[in-house]
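Participant: After the sequence you'll find the predicted model.
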Amino acid sequence: MNAEEAKIINLKNKHLIFRLNRAIGQIEAIKRDLSNDQEEQDCVKTFNQLKASINALKKFGQIYMSEHLDECLEQGVDKEEISKNLKPILNGIFKL
């Protein structure tokens, strides 16, 4: 891998890390709210944070899988191997 390829990979990873940090921030907000007394907890706010964190993780997964799959295909990984390994994962994702 040359320096230019490494730079591209780092840029992709920064984008993915940003998405993970966003989800982590939303989960941390839920934890903070749960640490409050029940009388001080805002149920609607907590549900919205939960929805946002789930959506953030889904979007991260979508982008990560898409980029990783493209890399596998570019590297010439056997399509049957990709299919065999990904089908159980994708089935699990959509059962959520």
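Facilitator: That came in fine, so what should we check first?

Participant: So what does Leu86 have for phi and psi?
Facilitator: For Leu86, the backbone dihedrals (degrees, to the nearest 10) come out as phi -90, psi -30.

Participant: Not including adjacent chain positions, what is the nearest residue to it?
Facilitator: Spatial nearest neighbour of Leu86, excluding adjacent residues (Cβ to Cβ, 6 or more residues apart in numbering): Leu69 at 7.5 Å. Yep, even glycine has a C-beta here, placed from its N, CA and C like the rest.

Participant: check contacts around the residue most central in space within the chain.
Facilitator: Centrality entry for the chain: nearest residue to the mean C-alpha point is Phe60, 2.8 Å, by Cα atoms, centre = their mean. The contact partners of Phe60, by Cβ atoms under 8 Å, 6 or more residues apart in numbering, come to 16, 19-20, 23.

Participant: Nearest to Lys84 among those?
Facilitator: Nearest to Lys84 among those, counting by Cβ to Cβ, is Leu16 at 24.9 Å.

Participant: correct me, but the closest one touches Ile63?
Facilitator: Yes. Counting by Cβ atoms under 8 Å, Leu16 touches Ile63, with 6.7 Å between them.

Participant: Residue ranges in the protein under the pLDDT threshold?
Facilitator: Scanning the chain for pLDDT under 70 picks out 1-9, 93-96.

Participant: rerun at 80
Facilitator: Filtered on pLDDT under 80, the chain yields the residue ranges 1-12, 38-41, 66-79, 81-96.

Participant: Now tabulate the contacts of Phe60 in CSV and tack on secondary structure and neighbour count.
Facilitator: Formatted as CSV, these follow (DSSP: H, G, I helix; E, B strand; the rest coil; neighbours: other Cβ atoms under 10 Å):
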residue, secondary structure, neighbour count
Leu16, helix, 13
Arg19, helix, 18
Leu20, helix, 13
Ala23, helix, 18
